[in-house]
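[1] Generate a structure from the sequence data that follows.
(chains A, B, C, D, E and F)
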Protein chains: 4
Amino acid sequence: MNNSDKCDDIMQAAMELIAERGFHDAPMSEIAQKAHVAAGTIYRYFENKEVLINELFQEIEDKMMDILLGNYPLGKPVKEQFFYVFGELCRYLITHPLHFRYMEQYFNSPYGISKRRDKLLGKNINRDGHDTLTGIFEEGISHQILKDLPIIVLSSLAIGPMLYLIRDHTLGFVELEESLIRQITEACWDAIKK
Amino acid sequence: MNNSDKCDDIMQAAMELIAERGFHDAPMSEIAQKAHVAAGTIYRYFENKEVLINELFQEIEDKMMDILLGNYPLGKPVKEQFFYVFGELCRYLITHPLHFRYMEQYFNSPYGISKRRDKLLGKNINRDGHDTLTGIFEEGISHQILKDLPIIVLSSLAIGPMLYLIRDHTLGFVELEESLIRQITEACWDAIKK
Amino acid sequence: MNNSDKCDDIMQAAMELIAERGFHDAPMSEIAQKAHVAAGTIYRYFENKEVLINELFQEIEDKMMDILLGNYPLGKPVKEQFFYVFGELCRYLITHPLHFRYMEQYFNSPYGISKRRDKLLGKNINRDGHDTLTGIFEEGISHQILKDLPIIVLSSLAIGPMLYLIRDHTLGFVELEESLIRQITEACWDAIKK
Amino acid sequence: MNNSDKCDDIMQAAMELIAERGFHDAPMSEIAQKAHVAAGTIYRYFENKEVLINELFQEIEDKMMDILLGNYPLGKPVKEQFFYVFGELCRYLITHPLHFRYMEQYFNSPYGISKRRDKLLGKNINRDGHDTLTGIFEEGISHQILKDLPIIVLSSLAIGPMLYLIRDHTLGFVELEESLIRQITEACWDAIKK
DNA sequence: AATGAATGAGGTTTCATTCAT
DNA sequence: TATGAATGAAACCTCATTCAT
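    Okay, here's the model as predicted:
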């Protein structure tokens, strides 16, 4: 319990520092300081910086998935499923700007080279046997509801704009309130629907 | 000529290294080595690393703008203008994957903090008095052709998917050939059109 | 104790190197080597080279002041006070040639630009409410014992020769033994007395 | 003639830069620039930086000696000779602050390690068979006019204060006008006279 | 288990000097 | 003779990682 406290402190400190300043401006010593822990202590919990970074990514991903899958409208129409996933993801990232910044850093770095957006939103979402964005798209295509495009293309059309807009939101360029989110969801739906 | 050569060699080497491995893993010494130049030589052409990075950005931007503005369909319908910009940009980035990777690194780093995507694609494109993406959107909105959304939102809907897809293309996850580009353009148009 | 040791080793090494060869020929790496310490270790104790240099100066100044103020003949006649300060300072610098050389380097460098000789020997000596060279001179002038010249002139007349002679002493050009010091003190007194 | 022009330009530029900023902040490239000459050209006239620095010193010394020896009151009383040398030297340094700064830098650097003040004012002054400060002192001692102290001590008593005061003058701490110079000369004479 | 001082490789940058033109 | 681009050693400093306590 003491252990896990320290571990959490380290992860929290690391996430904040990295989200705010990027990987190359987040020294282990400063992470340690921020976590009220000695520099060497970090290495009892994480073999090295890369491992810490990857575990941080994993943790955020897991949390996101928990929320996304919590009330997933299983068996509902494709459109409803899409609106649900889009809206939840959007709200999650807006209310967790640190997670969003961290993910951005991660995917734009050598660390995240192997886990691109599509993997995250495609493969991993089907954890626990639940449906996935991929699933939504496949179903939509086969039901002639969605355009007959490669899944990866549909997924970019559906998710790409949102990620850019959330960045703009965190930078203060737009205010993404509920009604605007709704409109954007509609627009993305227009992009993928037949 | 000799001058140009060395300077070009340095810029080329820097761009490749940075595009492939990011700013913080592209040491000046290695850039020099790759450019077949002594470390100190770089500093005859660029005051410091930051200047090199920014000039590299500027060069890419200029080249892109030259192509984008070359055959710009001035005075043509909004839809045609949009298809032109989208297609040209897409083709440019696909044929210049290093430029694309470099721009990604740049915009996701402190260096590019002030020149975000929207600025690039919004403000700067109106060089030489030409129309701009922003211009296209404004005209489209006022003619009731496009959805009445903030420009920044339209721009994300229009460009966001493409940027993700080009990344996937450079990673070998999709093959963006001409017909697919056409379909994506259509889909993005669907997203923004009324 | 270990701490102190390393820090002292670094300061000692730095002082020796700088005193012997000047600031610009005393690389941090060599200081480290001389102190039997890794280069990076220096930066645990001193933020950068400038800080190290300034702390070294401060340390020397403090030691000198401790000695100068130790048996200060408070309330005694001006002449006695002058002879005390002159003699003590002279003896201190002769027995601490490294300190002397360091101070010379320091005052003849950008580092010491703000703390010139006069400040050192004028203002700072009045720590702990004690009298100062300036004080001695002011009292002497008002009592018509000393020449009515600007303090800064008196201070040069009083101290200038000594500093040159100590340099010559450290270089082996003169042997400043007690009786000669006495004579020099007398001569300097002749220079300033009415 | 062209040659010697370039050579003069280089020396002038070097002197100014070094006097103002010190040896270690006067890069050859900048000296070249200031002299409107290519970097490599300097090396046609001076084997390396050290040689340039030493020749610069020599040149200044020669100019000073020319002036000092120009109207030297040969055969006049010791006191008059002393007043002459002191006054001339003082005036020269005040009217040639760059020379003064350069000399200061020089004597406080490894370059000038072998040519200390005493050498300058003692040995070298007897160029052309003229009398010297040393000569003045020797004569003064033997005539019982001056204190019976080592020449080097007398020379420090006589010259030390002036050098400090000129520094203070160039720094704006005192204004050394003619009447003050006279008073200081008197004071220094008091220091050395029996 | 925890500490944090110590390490030292490696980063950016400067600059005296050389040499092809 | 003059040029100035090129060199590369060496300076200062950072930081991931180790290890004695």
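
[2] okay, CA-based contacts and neighbour counts for the rest of this
    Will do.

[3] Quick check: which helices or strands does the biggest helix by length in chain A pack against?
    Longest helix in chain A, counting residues (DSSP state H): helix A:49-70. Packing partners of helix A:49-70 (3 or more Cα pairs under 8 Å, 6 or more residues apart in numbering or on different chains; DSSP states H and E): helix A:2-21, helix A:78-95, helix A:97-107.

[4] how is chain A carved up into domains?
    A:1-46, A:56-192 (automatic domain parsing).

[5] Just give me how far the shortest one sits from the chain centre.
    Centroid separation between domain A:1-46 and its chain, computed with Cα atoms, centre = their mean, to the nearest Å, is 21 Å.

[6] quick one: is that domain near chain C?
    No: using Cα under 8 Å from any Cα of the partner chain, we find that domain A:1-46 stays clear of chain C, coming within 12.2 Å at best.

[7] Which phi and psi values does the residue in chain A that DNA strand F sits nearest to adopt?
    As assessed by Cα to the nearest atom of the strand, DNA strand F sits closest to residue A:27 within chain A, at 3.0 Å. Here is the backbone geometry of residue A:27 (degrees, to the nearest 10): phi -60, psi 150.

[8] Let me see the contact set for it.
    Contacts for residue A:27 (Cα atoms under 8 Å, 6 or more residues apart in numbering or on different chains) come out as none.

[9] quick one: it and chain D, what's the gap?
    To chain D, residue A:27 is 33 Å away according to Cα to the nearest Cα, to the nearest Å.

[10] ditto for residue A:133
    For residue A:133 relative to chain D (Cα to the nearest Cα), the value is 63 Å.

[11] ok, back up a step: if I look at the residue of chain A closest to DNA strand F, how far off is residue A:42?
    Separation of residue A:27 from residue A:42 (Cα to Cα, to the nearest Å) stands at 12 Å.

[12] Spell out which residues are contacts of both of those two.
    With Cα under 8 Å, 6+ apart, residue A:27 and residue A:42 have no common neighbours.

[13] for chain A, what helix or strand is lowest in average pLDDT?
    helix A:117-121 (a mean of 51; mean pLDDT, DSSP states H and E).

[14] export the domains of chain A to a markdown table and tack on distance to residue B:172?
    Converted to a markdown table, the domains of chain A look like this (distance: least, Cα to Cα, whole Å):
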| stretch | distance to residue B:172 |
| --- | --- |
| domain A:1-46 | 26 |
| domain A:56-192 | 12 |
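
[15] Pick out the shakiest of the ones you listed, pLDDT-wise.
    Sorting these by mean pLDDT places domain A:56-192 lowest, at a mean of 86.

[16] End to end on that one, go ahead and measure it.
    Using Cα to Cα, the two ends of domain A:56-192 sit 32 Å apart.

[17] Right, and DNA strand E sits closest to which residue of chain A?
    residue A:40 (3.0 Å).

[18] distance of that residue from chain C?
    According to Cα to the nearest Cα, residue A:40 stands 16 Å off from chain C.

[19] burial count for that residue?
    Counted by other Cα atoms under 10 Å in any protein chain shown, the residues lying close to residue A:40 total 11.

[20] got it, and residue A:5?
    10.

[21] if I look at it, how far off is chain D?
    Counting by Cα to the nearest Cα - residue A:5 and chain D are separated by 53 Å.

[22] what does residue A:54 give?
    For residue A:54, the distance to chain D - Cα to the nearest Cα - is 47 Å.

[23] That residue - how many residues pack around it?
    Counted with other Cα under 10 Å, residue A:54 comes out at 14.

[24] What score does it have for pLDDT?
    For residue A:54, pLDDT reads 94.

[25] ok now do the residue lying closest to it once chain neighbours are set aside, which residues does it touch?
    Closest residue to residue A:54 apart from its sequence neighbours, by Cα to Cα, 6 or more residues apart in numbering or on different chains: residue A:111 at 7.3 Å. Residue A:111 makes contact with A:50, A:53-54, according to Cα under 8 Å, 6+ apart.

[26] Run through the residues that contact residue A:46.
    Applying Cα under 8 Å, 6+ apart, the residues near residue A:46 are residue A:52.

[27] Kindly recompute the last result at 10 Å.
    Listed by Cα atoms under 10 Å, 6 or more residues apart in numbering or on different chains, the contact set of residue A:46 reads A:7, A:10-11, A:52-53, A:55.

[28] Same check on residue A:172?
    residue A:166.

[29] Against residue B:149, how distant is it?
    Separation of residue A:172 from residue B:149 (Cα to Cα) stands at 17 Å.

[30] circling back: for residue C:23, which of the helices and strands packed on helix A:49-70 is the nearest?
    helix A:2-21 (35.3 Å; Cα to Cα).

[31] ok, and for that closest one, which residues are buried?
    For helix A:2-21, burial by neighbour count (16 or more other Cα atoms under 10 Å in any protein chain shown) applies to A:6-7, A:9-19, A:21.
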